[in-house]
Every structure is written in structure tokens, then in C-alpha cells.
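Q: here is my input; please provide its structure:
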Amino acid sequence: MTNLSILGLSLPALITVALALLAGATVQSLVGLGLGLVAAPVITMVAPETMPDVMLWLAVTYPVLTLAGESRDIDWRGLAWALPPRTVGTVVGVGAVAMFTASQLGVVVGAMVLVAVLLSWRTVRVPLNPGTLIGAGLISGIAGTATSIGGPPLAILYQHRPPREIRTTLAVYFMIGAALSLGALGLSGQLGRDHFLLAVLLSPCLLLGALLSRFLRPRVSDRHVRPAVLLVCGGSALVLLVRSLI
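A: Sure, this is the predicted structure:
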């Protein structure tokens, strides 16, 4: 009997990806980022051939849900410093996708997530200024295009800002950044039609995650959410690193 396959993914793999996206979308709605941090390591493990296309299509879509509910307190000044170098980093990231294998990119994804977790766990406070915003934008552009995880550099800078400012500023950044990455990958001929259709198929997971977060937000305090996010991200990154290295 032939195993059921949908757009190149087996049914167990598709369910795993859907659950990872649901968890990531819920976390991102609660704390400002998490879609890539939670879902990308899982997707890279079970369906590496879909990365980074599927995550980028979803990353450009999900912030719309956040901004539809709250669009005030966006730090436009910070975005003005971070977005131009994000464009430069995007070009470098396109080259990384063409040069490295899925396993190599998996190591990069896992290492990035672990570094982000360790920095956040130690509560390193990096100053929020034009210099750090330029650096974060450049690193984020490279990582976001090559691995679909571009949030940690900027999130570390904004981690001590008010929650609404974090969510809305990062939402704008993710949306524009993912669009730049998709455009660059499309121009280089590295986007697939099936991956776009797969992203469309999985998009209801994002809506469900947004709805679930609205139910959870009044019931979950920040001090409980933060350790849970770090544990989930760190565990996913370790599994991905081990699998990629072996």
C-alpha cells in the first residue's frame, strides 16, 4: 500500500509540521516572536526540502493577524535603522541557500536558536541604538533568508521594551523582512510552486494559533511564558543539531 502523500509530505510529517506551526503561532502572539524559533527546527527535521520557502511564506502572512488586532506603539525609528541592512543580509542569505546543504543549514538553525536561548536566559541587555540595530538587521537578513529564523537578533534588542511595542514592531519587521527574502529567492529561481501551495494549506494553523493566544494571554503571566518558550526552543534546537550532525 502506498503511503498517503500531500504535496510531497507524508501524512505524519504534515501533521507534525501543522502542530509545530500551531505552537509557534501561539507563542509568537503571546511574546512577539516564536513562529520561526519553534516551528523551523521541527520542519527542518521532518521536511528539510521545504525550507526556507514554506516558513518564509507563512512568516510574511502571520504578522498581518497581529497588526490587525494592535497596530499602535510600533517603533518606526528603530525599523528605519534595522530594515536597510536587512536587505543587504538578504542577498548574503540567498547565497547561503545556494551553497549549503539542508543538514548544514540545520546546524546553523540549531546553533542560532541555542545562542538566542542562552542570551535570553542570561538576560543580556544589549543597548538599543542605531549601531546595534544596523548589526541586528544585517545578521537577521542573512539568517532569515537562509534558515527562516531571523527574529532573535532584533528581539534581543527589544526584549526589555513594553510588550505591545515588541509585538507590533517585530510584526512589521518580520513581514517586510520575509517579503524581501521571498523576493530575493524568487529572483534567484529558488522558490517552488508546491512549497507555496503547502504554505497555503498550512495557513489555518496560524489563525488557530492567533485565536488560541487570545484565550491564553489573560491566563498566562510573562514569568511563566518566558521559561516555557526558552525550553521549547532549546529542546528543538538540540534535537535538530544532533540530527543534522549525525
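
Q: now the residue nearest the centre of the chain. Nearest residue, chain neighbours left out?
A: Central residue check for the chain by C-alpha atoms, centre = their mean: the C-alpha nearest the mean position is that of residue 36, 2.3 Å away. In this structure, residue 36 finds its nearest non-sequential neighbour in residue 149, 4.2 Å apart by C-beta to C-beta, 6 or more residues apart in numbering. C-beta here means a position set from N, CA and C on the backbone, and glycine is covered the same way.

Q: so what touches stretch 181-201?
A: Counting by C-beta atoms under 8 Å, 6 or more residues apart in numbering, the neighbours of stretch 181-201 from elsewhere in the structure are 6-9, 50, 52-54, 56-58, 60-61, 90-91, 93-94, 97-98, 141, 144-145, 148, 150.

Q: among those residues, name the ones in helices.
A: The members of the contacts of stretch 181-201 that map onto helices under DSSP state H are 53-54, 56-58, 60-61, 90-91, 93-94, 97-98, 141, 144-145.

Q: which two in those are spaced the farthest apart?
A: Distances among the ones in helices among the contacts of stretch 181-201 were taken as C-beta to C-beta; the most separated pair is 61 and 98, at 24.8 Å.

Q: please pull out the lowest mean pLDDT helix or strand from the chain.
A: helix 222-245 (a mean of 74; mean pLDDT, DSSP states H and E).

Q: list the helices and strands that helix packs on?
A: Using 3 or more C-beta pairs under 8 Å, 6 or more residues apart in numbering; DSSP states H and E as the contact criterion, the elements in contact with helix 222-245 are helix 11-31, helix 35-46, helix 102-121.

Q: and the angle for the shortest one with helix 11-31?
A: By that I understand helix 35-46. Helix 35-46 runs at 160 degrees relative to helix 11-31, counting by axes from the mean of the first three to the mean of the last three C-alpha atoms, to 10 degrees.

Q: show me what helix 35-46 is packed against.
A: Using 3+ C-beta pairs under 8 Å, 6+ apart as the contact criterion, the neighbours of helix 35-46 among helices and strands are helix 11-31, helix 53-69, helix 102-121, helix 130-147, helix 222-245.

Q: how far does the last one sit from its chain's centre?
A: Relative to its chain's centre, helix 222-245 lies at 13 Å (C-alpha atoms, centre = their mean, to the nearest Å).

Q: got it, and stretch 182-192?
A: So, by C-alpha atoms, centre = their mean, the centroid of stretch 182-192 is 18 Å from its chain's centroid.

Q: repeat that for stretch 89-101.
A: Here stretch 89-101 shows a centroid-to-chain-centroid distance of 17 Å under the convention C-alpha atoms, centre = their mean.

Q: just stretch 190-205 next, same as before
A: Taking C-alpha atoms, centre = their mean, one finds stretch 190-205 lying 16 Å from the centre of the chain it belongs to.

Q: ok and the host helix or strand of residue 206 relative to helix 222-245, angle-wise?
A: Following DSSP states H and E, the helix or strand that holds residue 206 is helix 204-216. For helix 204-216 against helix 222-245, the angle by the same axes, to 10 degrees is 150 degrees.
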